[in-house]
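Asker: just coords:
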């Protein structure tokens, strides 16, 4: 399954929403492509975790370490470009 670009995804979203608002049925291919993209995003696994203090450090422009395991109250990090 190929990854859709951000603009391709937005075009599909606008098309499907417009068809639904006009009480028309969108093409099945468009709905399937959107479902595939949602499924791809739903199946992503975090590549690392960021502690709350590390997130504050990043917001302030500092550097931090991303841990491979969830050590309690951590924020999962996902790579959306894969």
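Answerer: The structure has been received and is ready for your questions. Quantities reported herein were computed from a predicted structural model and do not represent experimental measurements.
Asker: dump the residue contacts of residue 81.
Answerer: Going by CB atoms under 8 Å, 6 or more residues apart in numbering, residue 81 touches residue 3. Yep, even glycine has a C-beta here, placed from its N, CA and C like the rest.
Asker: what about it, which SS state?
Answerer: coil (DSSP: H, G, I helix; E, B strand; the rest coil).
Asker: Residue 38 now?
Answerer: Here residue 38 is recorded as helix under three-state DSSP.
Asker: same thing with residue 23?
Answerer: Residue 23 ends up coil, using three-state DSSP.
Asker: got the end-to-end distance for stretch 42-57?
Answerer: Stretch 42-57 has an end-to-end distance of 28 Å (CA to CA, to the nearest Å).
Asker: All further residue positions should be reported with the first residue as 474.
Answerer: Done: numbering now begins at 474, and the last item shifts to stretch 515-530.
Asker: ok, and what's touching that stretch?
Answerer: 531, 536-544, 546-553.
Asker: Would you show me how to pick out the buried ones of the residues you listed in ChimeraX?
Answerer: Buried members of those, defined by 16 or more other CB atoms under 10 Å, are picked up in ChimeraX with:
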select :547
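Asker: how much space is there between residue 524 and residue 552?
Answerer: Counting by CB to CB, to the nearest Å, the gap from residue 524 to residue 552 is 19 Å.
Asker: Kindly report the same for residue 499.
Answerer: 30 Å.
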